[in-house]
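Engineer: Provided below for reference: sequence and predicted model.
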Amino acid sequence: MSRLGTLGARLYRGEVGYDFVGKRKLWYGISILITITAIVGLAVRGLNMGIEFSGGAVFTTPNTKVSASDLRQTAEDASGGHTVVVQELGRGGLRIQISELGTKEALPVQENLAKELGVKTSKIDTQLVGPSWGEQIASKAWQGLAIFMVLVVIYLAIAFEWRMALAALIALIHDLTITVGVYALVGFEVTPGTVIGLLTILGYSLYDTVVVFDGLKEASKDLTKQTRFTYSEIANRSLNSTLVRSINTTIVALLPVGALLFIGGGLLGAGMLNDISLALFVGLAAGAYSSIFIATPLVADFKERDPKMKALAKRVKAKRAAAAKAEAAESSSDEEDAPDLEDAAAAPAGVVGQRRQPAARNRGRGRPSGKRR
C-alpha cells in the first residue's frame with residue numbers, strides 16, 4: 001500500500017489526525033481576509049462584462065496574416081475608443097469583440113477591418129448583440145443562481161439538519177465571492193461560459209461538503225449516550241476520515257482544468273477557454289478549502305451552542321477530570337510504596353517478599369513459659 005493509502009487508512013481509523021475544528025478561528029480569519037480582498041477588487045475594478053451581457057458587436061475575419069495588435073488598433077480607431085478584444089481562432093482567423101457598439105457604429109468598423117485585411121466587406125462576419133438581450137441573460141442567470149441556493153438549503157435541511165444547511169450555504173457564498181473577486185482582479189471577461197463554470201463549481205463544492213456531512217451524521221448518531229467525545233471532537237474525527245478522499249478528488253479535478261487554463265489559454269493562446277477554465281480552477285480550489293476548513297467547523301460551532309451538546313461537553317470534561325485525578329492518586333500511591341521496595345532489597349534473602357510486622361505487635365507472642373492448663 002502507498003504512503004498516502006496508509007495515511008488515509010490511519011486517518012479513517014482515528015489513529016492520527018489534525019485538529020481542523022479546534023483551530024477554526026485561524027481558518028475563519030484566513031477566509032475573511034481573502035473575502036475582503038475579493039470584495040475590494042470587485043468594488044474597485046469591477047467585472048469585465050462580455051458583450052453577451054453589456055451588448056456590442058463581434059467581427060469574425062477569414063484566415064489572415066495580419067497581426068492581432070494591428071487589427072486591434074484599427075478597430076479602436078474606427079469605433080471611437082471602445083474596448084476591443086481580439087482573439088485568435090484555430091483556423092487562422094481572428095475574432096474582434098467590441099463592447100457597447102451600436103448598429104450604426106458597427107458598419108464603419110466592418111469596412112475599416114475589411115480594408116486593413118484587403119478583403120471584401122462581406123467576408124467580415126458581423127454579429128450584433130443588443131444591451132436589452134444581455135440584461136435579460138444576466139437577469140436569468142441571477143434567478144437561476146438564487147433558485148439553486150434555495151433548493152440546496154431545502155435539500156440539506158431535509159437530508160441532514162438546518163445547521164448543516166446553513167453552514168453549506170455560507171460555504172457556497174464564500175466560494176462564489178472568492179471566484180467573482182478573482183475575476184475582477186484578473187480582468188477576465190465574464191461570458192455565459194463563466195456562468196456555467198460558476199454553477200459547476202457550486203455543484204462540486206456542495207458534493208464535497210455533503211460527503212463530509214454524511215460521515216459526520218453517521219459518526220454523531222447517539223452521541224449524547226456516551227461521555228468519551230464532544231461534538232467538535234467527533235466532527236474533527238469525521239473530517240479527518242474523509243480528508244484523503246477530498247484531496248484526491250480535488251487534485252484529479254484540478255489537473256484537466258489547470259491544463260485548459262495554463263496550457264490551452266496561456267501557452268496555446270486559446271483565449272476563449274479562459275472564461276470557463278478560470279472559474280472552474282478558482283472555484284474548485286475554493287470549494288475544497290471551504291468544505292474542509294469552513295463548513296465542518298461552522299457546523300461544530302452551531303452544534304456546540306445546543307443545550308444538549310453543552311451538557312455533553314460538561315460530562316466529558318468531568319469524566320476526564322475524574323480520570324486525571326485517579327491517575328494522579330495512583331501515581332502518588334506508587335511513589336509511597338517505593339521505600340518498601342528499598343527495604344526489601346536490603347533485607348536477608350529469606351525475608352524478601354514477606355511483610356514486615358511492627359516490633360510492638362511481636363512482643364509476647366513467643367512460646368509461653370510454664371505448664372499448659
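Structural biologist: Looks like it arrived, so ask away. Numbers count the residues shown, from 1 in each chain.
Engineer: in this structure, which spans are strands?
Structural biologist: 48-49, 56-60, 84-88, 94-99, 125-129, 189-190 (DSSP state E).
Engineer: reformat the ones you listed into CSV and put mean pLDDT, distance to residue 311 and mean neighbour count next to each item.
Structural biologist: C-betas here are computed from N, CA, C, even on glycine. What follows is these, written out as CSV (pLDDT from 0 to 100; distance: least, CB to CB, whole Å; neighbours: other CB atoms under 10 Å):
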stretch, mean pLDDT, distance to residue 311, mean neighbour count
strand 48-49, 79, 53, 18
strand 56-60, 85, 63, 22
strand 84-88, 79, 62, 19
strand 94-99, 82, 61, 22
strand 125-129, 82, 62, 15
strand 189-190, 80, 50, 23
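Engineer: got those as TSV, with distance to residue 110 columns?
Structural biologist: Output for these, formatted as TSV (distance: least, CB to CB, whole Å):
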stretch	distance to residue 110
strand 48-49	23
strand 56-60	6
strand 84-88	13
strand 94-99	10
strand 125-129	5
strand 189-190	22
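Engineer: nearest to residue 151, out of the ones you listed?
Structural biologist: With CB to CB as the criterion, residue 151 lies closest to strand 189-190 of the strands of the chain, at 23.9 Å.
Engineer: other SSEs contacting the closest one?
Structural biologist: Applying 3 or more CB pairs under 8 Å, 6 or more residues apart in numbering; DSSP states H and E, one finds that strand 189-190 contacts strand 48-49, helix 274-290.
Engineer: and for that strand, what are the contacting residues?
Structural biologist: The set of residues external to strand 189-190 that reach it, using CB atoms under 8 Å, 6 or more residues apart in numbering, is 47, 48, 49, 50, 53, 85, 183, 274, 275.
Engineer: ok so, going back, out of the helices and strands packed on strand 189-190, which gets nearest to residue 63?
Structural biologist: helix 274-290 (22.9 Å).
Engineer: show me what the closest one is packed up against.
Structural biologist: helix 162-186, strand 189-190, helix 192-219, helix 243-258.
Engineer: I figured residue 240 was touching residue 19, is that so?
Structural biologist: No. If you go by CB atoms under 8 Å, residue 240 and residue 19 don't touch, sitting 9.1 Å apart.
Engineer: of the two, give the one with the bigger neighbour count.
Structural biologist: Neighbours were counted for residue 240 and for residue 19 using other CB atoms under 10 Å; residue 240 has more, 24 against 12.
Engineer: quick check: nearest residue in space to the more buried one, chain neighbours excluded?
Structural biologist: Spatial nearest neighbour of residue 240, chain neighbours left out: residue 17 (4.0 Å); criterion: CB to CB, 6 or more residues apart in numbering.
Engineer: per-residue pLDDT, the one you found?
Structural biologist: Turning to residue 17, the model gives it a pLDDT of 71.
Engineer: now do it against residue 247, distance only.
Structural biologist: Per CB to CB, to the nearest Å, residue 17 is found 14 Å from residue 247.
Engineer: quick one: which of the helices and strands packed on strand 189-190 is nearest residue 34?
Structural biologist: helix 274-290 (8.5 Å).
Engineer: then that closest one to PDB, C-alphas only?
Structural biologist: Extracted in PDB, the C-alpha atoms of helix 274-290 (Å, rounded to 0.1, in the frame of the first residue of the first chain):
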ATOM      1  CA  ASN A 274     -10.100  31.300 -20.100                       C
ATOM      2  CA  ASP A 275     -13.600  32.400 -19.100                       C
ATOM      3  CA  ILE A 276     -14.800  29.000 -18.100                       C
ATOM      4  CA  SER A 277     -11.400  27.500 -17.000                       C
ATOM      5  CA  LEU A 278     -10.600  30.300 -14.600                       C
ATOM      6  CA  ALA A 279     -14.000  30.000 -12.900                       C
ATOM      7  CA  LEU A 280     -13.500  26.200 -12.600                       C
ATOM      8  CA  PHE A 281     -10.000  26.400 -11.300                       C
ATOM      9  CA  VAL A 282     -10.600  29.000  -8.700                       C
ATOM     10  CA  GLY A 283     -13.900  27.600  -7.700                       C
ATOM     11  CA  LEU A 284     -12.700  24.000  -7.300                       C
ATOM     12  CA  ALA A 285      -9.800  25.100  -5.100                       C
ATOM     13  CA  ALA A 286     -12.100  27.400  -3.000                       C
ATOM     14  CA  GLY A 287     -14.700  24.600  -2.800                       C
ATOM     15  CA  ALA A 288     -12.200  22.100  -1.500                       C
ATOM     16  CA  TYR A 289     -10.900  24.600   1.100                       C
ATOM     17  CA  SER A 290     -14.400  25.600   2.300                       C
END
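Engineer: now the spatially most central residue of the chain: how far from residue 183?
Structural biologist: Closest to where the C-alpha atoms of the chain average out (CA atoms, centre = their mean) is residue 289, at 2.1 Å. Between residue 289 and residue 183 the distance is 18 Å, computed by CB to CB.
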